[in-house]
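> okay, predicted coordinates and the sequence, questions at the end:
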Protein chains: 2
Amino acid sequence: MIVADRKQRKKEQRRTEIVDAAEKLFYKKGFDNVTMDEIADAVEFSKGSLYVYFKNKDSLFFAIVARMHREYFRQFRELLDENASGGEQIRTMIRHLVEYTKDHQEYNDMACTIGPLIWSRMDTEYEQVLAENSMDYNLWLNDAINKGIADGSIRNDLNPALFGFYISLISISVVSPSPLWKKGFELAGVGYDEFVDNFQKFIDPSINNCKTEGPTKKHPAGKSG
Amino acid sequence: MIVADRKQRKKEQRRTEIVDAAEKLFYKKGFDNVTMDEIADAVEFSKGSLYVYFKNKDSLFFAIVARMHREYFRQFRELLDENASGGEQIRTMIRHLVEYTKDHQEYNDMACTIGPLIWSRMDTEYEQVLAENSMDYNLWLNDAINKGIADGSIRNDLNPALFGFYISLISISVVSPSPLWKKGFELAGVGYDEFVDNFQKFIDPSINNCKTEGPTKKHPAGKSG
DNA sequence: GTGCCTTTTTGACTCAGAGTCAATTATTGA
DNA sequence: TCAATAATTGACTCTGAGTCAAAAAGGCAC
């Protein structure tokens, strides 16, 4: 029925408006310092109505994150060259992550300040959404790593699943340091941009299949001992 | 005056008791799910008294963190071989971090769930304490890196301050992944212990002054570019 | 011991903000 | 126009952090 359709679209639009307003406020003041009343004011709704569209405050956060993730994965799919070597694909992933994150610092500051706490009270509904969102990505990552090991562009001395976790956890941690770390950078005269831009260079040796002899206990060539 | 001394000691002891109780509760239920009344009950005090010893709930968190840090640095100082090469010292740091963290997982789960939010509302008082706590460590880290670059045990193609931030941020991120990451490990059949135990092996190539012919075509001919 | 002063402890109170729900208002379809 | 349904409201409840005036305990001089 057409009327029902229009209603549906209107509802979607309302949801989007709410997410937009919440996002702006969370970025500006931090999730914890924004009240549901404020968000309601911003969209010219009453607080009660927010709870028709979203179960609670946490689910507003999830909506923002899910939207960001979708866009992130969409861009990445476009960028990826299926024919590149595994190692090259991983490097593309890191490059994209760095660029994307630099373009969304407000999001990242918000997400890495309140995110960990909200993840800790995640219920199954959001777990579901999150899992679905990252499913494709996980599959791709595993493929890329296996391909890279096979084609010799990625080191082969680590369990691929383990290697994948190092790459993703470390990359994410580096590109989205908490505001406290950022402050530390500044105090030491290191810019955030410099920090993320050089990450690729820093981590490359740990990705490549470089025949280094003896990872530990080597090179005491200097004045030690 | 002796009476004043005894009073002082008693006060210290009370503080410790409160921190102990809060720590236990935070580990078990998570910072956010513990009320000040519960903590008061646990130490058989009234809530009002807690606020004589601690400014607010956040400062209980800081007290726990500060104590943990002090112990961590104390152990590290004992372990460190001043005569080892820079690279070897960094490896000792990582090894110690891994072992210490494995022994304090409850602390880490708590700290990395609520920590980022609390850091974001840190006031100057705690900033001070934190800065003092990590001052020695930062100085040591810089020394170790410079020594390592000089003695050839650490790569010399990165700004030392930058390199230091990579090492510390990445190491900390890897040893204390949020509970959500840990869950991800499990689903993929990777144990947390396996994950942290192999970190050294993963990251070593990015530390060592290894002449790789990888994509970052850099061949440092001498000691500093 | 008694009275006086200081310190510690108490718990009822305030206040903020998330989430609820019965009542009100708007929309739709006949 | 009217009844049924859907959307919206805002006053309300509830929880928990932090406060503060009053009560209790501790110390001291006599």
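Arrived safely. Numbers count the residues shown, from 1 in each chain, chains lettered A, B, ... in the order given.
> quick check: residue A:69 touching residue A:132?
No. Counting by C-beta atoms under 8 Å, residue A:69 sits too far from residue A:132 to count as a contact (10.1 Å). C-beta: built from backbone N, CA, C; applies to glycine.
> more neighbours: which of the two?
residue A:69 (15 against 10; other C-beta atoms under 10 Å in any protein chain shown).
> how about the more buried one, nearest residue that isn't a chain neighbour?
residue A:133 (4.8 Å; C-beta to C-beta, 6 or more residues apart in numbering or on different chains).
> for residue A:142, same thing?
Leaving out its chain neighbours, the residue that sits closest to residue A:142 by C-beta to C-beta, 6+ apart is residue A:164, at 6.3 Å.
> try residue A:25
residue A:34 (4.5 Å).
> where do the strands sit along chain A?
Remark: no strands are assigned in chain A by DSSP state E.
> how near is the residue positioned nearest the centre of chain A to residue B:145?
In chain A, the residue lying closest to the centroid (C-alpha atoms, centre = their mean) is residue A:172, at 6.0 Å. Going from residue A:172 to residue B:145 by C-beta to C-beta, to the nearest Å gives 24 Å.
> how about the contacts made by residue A:194?
Residue A:194 is in contact with B:159, B:162, counting by C-beta atoms under 8 Å, 6 or more residues apart in numbering or on different chains.
> before we move on, back to that, looking at it, the residue nearest to residue A:25 is touching residue A:24, isn't it?
No. Assessed by C-beta under 8 Å, residue A:34 is found out of contact with residue A:24, at 9.6 Å.
> between these two, which one's more packed in?
For residue A:34 and residue A:24, the more surrounded residue by other C-beta under 10 Å is residue A:34, and the numbers stand at 20 against 14.
> what's the more buried one sitting at in phi/psi?
The phi/psi pair for residue A:34 (degrees, to the nearest 10) reads phi -110, psi 130.
> any idea how far it lies from residue A:114?
When distance is defined by C-beta to C-beta, residue A:34 is 10 Å away from residue A:114.
> which parts of stretch A:75-82 are buried?
The neighbour-count check on stretch A:75-82 (16 or more other C-beta atoms under 10 Å in any protein chain shown) flags residue A:76 as buried.
> check whether it contacts chain B.
No. Counting by C-beta under 8 Å from any C-beta of the partner chain, chain B has no neighbours in stretch A:75-82; the shortest distance is 15.1 Å.
> mind listing what's buried in the lowest-mean-pLDDT helix or strand in chain A?
The least trusted helix or strand in chain A, going by mean pLDDT, DSSP states H and E, turns out to be helix A:2-29, with a mean of 88. For helix A:2-29, burial by neighbour count (16+ other C-beta under 10 Å) applies to A:14, A:18-19, A:21-23, A:25-27.
> so where is chain A shaky, pLDDT-wise?
Within chain A, the ranges that satisfy pLDDT under 70 run A:1-5, A:211-225.
> could you redo the last one with a cut-off of 90?
Within chain A, the segments meeting pLDDT under 90 span A:1-11, A:122-136, A:209-225.
> and it, what are its domains?
Listed domain ranges for chain A are A:8-54, A:58-207 (source: automatic domain parsing).
> and of these, who's closest to DNA strand D?
domain A:8-54 (1.9 Å; C-beta to the nearest atom of the strand).
> that closest one vs DNA strand D: in contact?
Yes. Domain A:8-54 reaches DNA strand D (C-beta under 7 Å from any atom of the strand) through A:11, A:14, A:44-49, A:52.
> how long is that domain end to end?
Counting by C-alpha to C-alpha, to the nearest Å, you get 15 Å between the two ends of domain A:8-54.
> now, the most widely separated pair of the buried residues of helix A:2-29?
A:14 and A:27 (20.6 Å; C-beta to C-beta).
> got the contact list for the closest residue to residue A:121 other than its chain neighbours?
Nearest non-adjacent residue to residue A:121, counting by C-beta to C-beta, 6+ apart: residue A:58, 6.7 Å away. By C-beta under 8 Å, 6+ apart, residue A:58 lies in contact with A:118, A:121-122, A:126.
> so which of the domains of chain A is the most surrounded?
Counting by mean count of other C-beta atoms under 10 Å in any protein chain shown, domain A:58-207 has the highest mean neighbour count of the domains of chain A, with a mean of 17.
> might you calculate how far it sits from the centre of the chain?
5 Å (C-alpha atoms, centre = their mean, to the nearest Å).
> and it, end to end?
Taking C-alpha to C-alpha, the first and last residues of domain A:58-207 lie 37 Å apart.
> hmm, that domain in reach of DNA strand D?
No. Domain A:58-207 stays clear of DNA strand D (C-beta under 7 Å from any atom of the strand), getting no nearer than 12.8 Å.
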